[in-house]
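1. Need a 3D model of the sequence below.
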Amino acid sequence: MKAVYLKKSLALFAVLIIVLFVVNCSSEDGSDGGTTSSNIVITGSIGAFGEVNVLAHSASQSIEVSGDNLSANVAISSTANFEISLDDSSFSNQLTISKDVANAGNQTLFVRFSPSASALGPVSGELSLQSNSATTRTISLTGVGLSTAPIININVSSFNFQDTPIAQQSAASALFVDGNNLSAAINLSVSEGFEISLDGTSFSDVQQIASGTVNNQTTVFVRFAPTELGDAMGVLSLESEGAETAEVALSGTGIPIVHNYLTFDKERLAFGGGFNQSATQTFSLHDDVSNIETIKMYVKLTCPTGGCDEWDVYANVKIKDDASGELYELGRYITPYWNDNSQLDRGFEFDVTDFKSLLSGSAELRIRTECWNARGYEVTVDFDFIEGTPDYPYYAISRVIAYDDWSSSGVPYGTAHSMDLDKTISIPANAESTHLRTVISGWGQASPAIGGRTCAEWCFRTHDVRINGVNTFQHDMGPLDCASNPVNNQEPGNWQPDRAGWCPGMVVPYRIDDFATNMAGNTFGFEYAYEGGWTNDGQNGNAFYATSTFVVVKSNTPITKPVVTD
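-> Now for the predicted structure:
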């Protein structure tokens, strides 16, 4: 039995060897086994079709297509706006080449660009060739669709111009215009406040591109010429017969005309080294202020060679009132520790419109810094006279009290003194507006401290302005958040803690007190009353409040100065 079983096993093994041999031979000769690849073969290329009118066709381009061992037909398709054909006569978006024809050799495939009515401008597409078991082949297609209808082409849809002073013009911006299939001139018109030109020189609100050149590119120059203050919106319209109107949105902001006057220019102020703490000069300012709405003064500090004063010192700018010979404080500031105010584009800014009656023609100005070393500062002062519609065309101003030359020439606080803080003020009969303008800053670290704060630099106090003996206006000498001062490069100075109503490296605020009525023809009593309840014990020096107060009247008719008497 064992011999029979062994013989049968050997026979089966021999049959298996024969079968494996046959199968292996079949795979090697390529007739079976699945290892033969299939390919779609493309010969040639298709370039860009260029410009073609919509609803028309380009000339066809061709490639050769064949198959390599394809087992399925070749499905060929093109995306919208492109068409394909095998005879260069009947075109469609889809066709098929049978696998046998493809495997037999090259077949010519024709492709053309046929833009639809909406296919204007650059158009992209794709040609796709697919067959089962073969890698899909794609070819990119491009063309440019042209309209057959009249059309105006522009290269931008809007212009936003830079801020421009009234009655002046912005820089011109260029608009490129051309047409397709236009037969009539292009008429251009622009809204009020804007101007157009074809040569960049002669501007107006209308222009025309002649019919003979409308289909060529033309440069149109557009600029902003505001007639009113504020934001302006407009439209540039381009019209030609048979074409849809083209429009360009226009915008800009009209700003006031500004007349700038430079006075002191890097005037060196210091103590010692051949320099002085003050400088006085006469300058020519704007002659006619009848159409000036606002006057701004700017004080720019720069550090001389060797650096700035390391202390925060009292400083101001004054103007001489020729009628009285008195100096009026235009603005007060405290210098930064160690540095200048270059972090502010134009330095410290002051609204000095209240002094309009003095700030015209020839004006004598004085600048002063309470520096006590030879470094000091270079001081530049300039003025902007800003045109507009004034609230009133006529202004007049008088000095009420002026204890403001130095920090220590202020009114002593917490002790007896002989300074006159009581005045009588008479207002002209034609006054239509009356207000007080006060600048006040405390100096000294006298004791006893109030809530841990010495006076008058640090202690928070509230002062009253009494009119006819009645507390009418209040001045809060509270914190101004010194740590947020943009002039913050004052290290190692003690600039961040809050002072009483001022900060190092900052303008000392001017406080405006408007009367409820115009006070025309009235005479009234004025008294500046510092908050009481505190007496200097003399243990830590003196305390002072440097104070200046002015009375300002305005009118629609020429007006004289208020009269101030003791």
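2. make it CA atoms for all contacts and neighbour counts henceforth
-> OK.
3. Okay, now the unreliable bits of this protein?
-> In the predicted model, the chain carries pLDDT under 70 at residues 1-35.
4. Geometric centre of it: which residue is closest?
-> For the chain, the residue sitting closest to the mean C-alpha position, by CA atoms, centre = their mean, is Gln162 at 9.7 Å.
5. That residue: what secondary structure?
-> When classified by DSSP: H, G, I helix; E, B strand; the rest coil, Gln162 comes out as coil.
6. Once you drop chain neighbours, what's closest to it?
-> Spatial nearest neighbour of Gln162, excluding adjacent residues (CA to CA, 6 or more residues apart in numbering): Gly252 at 6.3 Å.
7. partner residues bridging the one you found?
-> With DSSP bridges as the criterion, Gly252 is bridged to Ala232.
8. that older thread, and the residue nearest to the centre of the chain, what does it touch?
-> Neighbouring residues of Gln162 by CA atoms under 8 Å, 6 or more residues apart in numbering: Ser170, Gly252, Thr253.
9. What of Pro165?
-> Listed by CA under 8 Å, 6+ apart, the contact set of Pro165 reads Pro226, Gly254, Ile255, Pro256, Ile257, Val258.
10. The fourth one: neighbouring residues, count only.
-> I take that to be Pro256. Residues contacting Pro256 under the criterion other CA atoms under 10 Å number 23.
11. Hmm, Ile166 and it touching each other?
-> Yes - between Pro256 and Ile166 there is a contact under CA atoms under 8 Å: 5.7 Å.
12. Show me whatever sits in contact with both of these two.
-> Counting by CA under 8 Å, 6+ apart, the contacts common to Pro256 and Ile166 are Leu229.
13. Tell me the bridge partners for the closest residue in space to Val258 that isn't next to it in sequence.
-> In space, Val258 comes closest to Ile386 once its chain neighbours are excluded; the distance is 4.5 Å by CA to CA, 6+ apart. Beta bridges link Ile386 to Val258, Thr294, judged by DSSP bridges.
14. Can you tell me the number of residues neighbouring Ile386?
-> Neighbour count of Ile386, defined by other CA under 10 Å: 21.
15. Over to Gln474?
-> The number of residues packed near Gln474 is 16, by other CA under 10 Å.
16. Residues contacting whichever helix or strand it is part of, please?
-> Assigned by DSSP states H and E, Gln474 belongs to strand 470-477. If you take CA under 8 Å, 6+ apart as the criterion, strand 470-477 is touched by Phe460, Arg461, Thr462, His463, Asp464, Val465, Arg466, Ala500, Gly501, Arg511, Asp513.
17. which parts of it are buried?
-> Of all the residues in strand 470-477, those buried under the rule 16 or more other CA atoms under 10 Å are Phe473, Gln474, His475, Met477.
18. Would you list the strands that it pairs with, along with their directions?
-> Applying DSSP bridges, strand 470-477 is found paired with strand 461-467 (antiparallel).
19. Off-centre distance for the strand it pairs with?
-> Taking CA atoms, centre = their mean, to the nearest Å, the mean C-alpha location of strand 461-467 is offset from the chain mean by 42 Å.
20. Need the contact partners of that strand.
-> Contacts of strand 461-467 (CA under 8 Å, 6+ apart): 471-478, 500, 524-531.
21. Over to stretch 280-297?
-> Residues from elsewhere that reach stretch 280-297, judged by CA under 8 Å, 6+ apart: 259, 261, 263, 349-353, 356, 359-367, 381-391, 393-394.
22. Among those, which ones are in helices?
-> Among the contacts of stretch 280-297, none falls in helices (DSSP state H).
23. residues touching Phe91, list them.
-> Phe91 touches Glu83, Ile84, Ser85, counting by CA under 8 Å, 6+ apart.
24. Buried among those? Make that a PyMOL selection.
-> Restricted to buried positions by 16+ other CA under 10 Å, the PyMOL selection for those reads:
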select buried, resi 83+84+85
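25. Closest one to Ser118 out of the contacts of Phe91, please.
-> Comparing the contacts of Phe91 against Ser118 with CA to CA places Glu83 closest, at 16.4 Å.
26. elements contacting the helix or strand where that closest one lies?
-> Element membership for Glu83, per DSSP H and E: strand 82-85. Contacts defined by 3 or more CA pairs under 8 Å, 6 or more residues apart in numbering; DSSP states H and E place strand 82-85 against strand 94-97, strand 107-113.
27. Packed most tightly, which of the ones you listed would that be?
-> Most buried of the helices and strands packed on strand 82-85, by mean neighbour count (mean count of other CA atoms under 10 Å): strand 107-113, with a mean of 22.
28. hang on, the earlier thing: nearest to Pro122, of the contacts of Gln162?
-> When these are compared for distance to Pro122 (CA to CA), Gly252 comes out closest, at 33.3 Å.
29. Same list, the helices and strands packed on strand 82-85, but as JSON lines with distance to Thr135 please.
-> As requested, the helices and strands packed on strand 82-85 are arranged in JSON lines below (distance: least, CA to CA, whole Å):
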{"stretch": "strand 94-97", "distance to Thr135": "16"}
{"stretch": "strand 107-113", "distance to Thr135": "18"}
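30. Show me where the stretch 451-566 of the chain has its strands.
-> Per DSSP state E, counting those that start in this stretch, the stretch 451-566 of the chain carries strands over the ranges 453-456, 461-467, 470-477, 506-507, 510-514, 523-529, 544-555, 563-565.
31. Compare those strands and give me the one nearest Leu175.
-> For Leu175, the closest of the strands of the stretch 451-566 of the chain is strand 506-507, at 46.7 Å, according to CA to CA.
32. ok, and what's touching that closest one?
-> With contact meaning CA under 8 Å, 6+ apart, strand 506-507 is reached by Gly331, Arg332, Tyr333, Ile334, Thr335, Pro336, Phe348, Glu349, Phe350, Asn485, Val487.
33. do you know how far the residue nearest to Ser426 when sequence neighbours are not counted is from Ser237?
-> Leaving out its chain neighbours, the residue that sits closest to Ser426 by CA to CA, 6+ apart is Thr523, at 4.1 Å. Distance of Thr523 to Ser237, computed by CA to CA, to the nearest Å: 63 Å.
34. what sits against the closest residue to Thr43 other than its chain neighbours?
-> Spatial nearest neighbour of Thr43, chain neighbours left out: Glu64 (4.9 Å); criterion: CA to CA, 6+ apart. For Glu64, the contact set (CA under 8 Å, 6+ apart) comprises Ile42, Thr43, Gly44, Asn106, Gln107, Thr108, Leu109.
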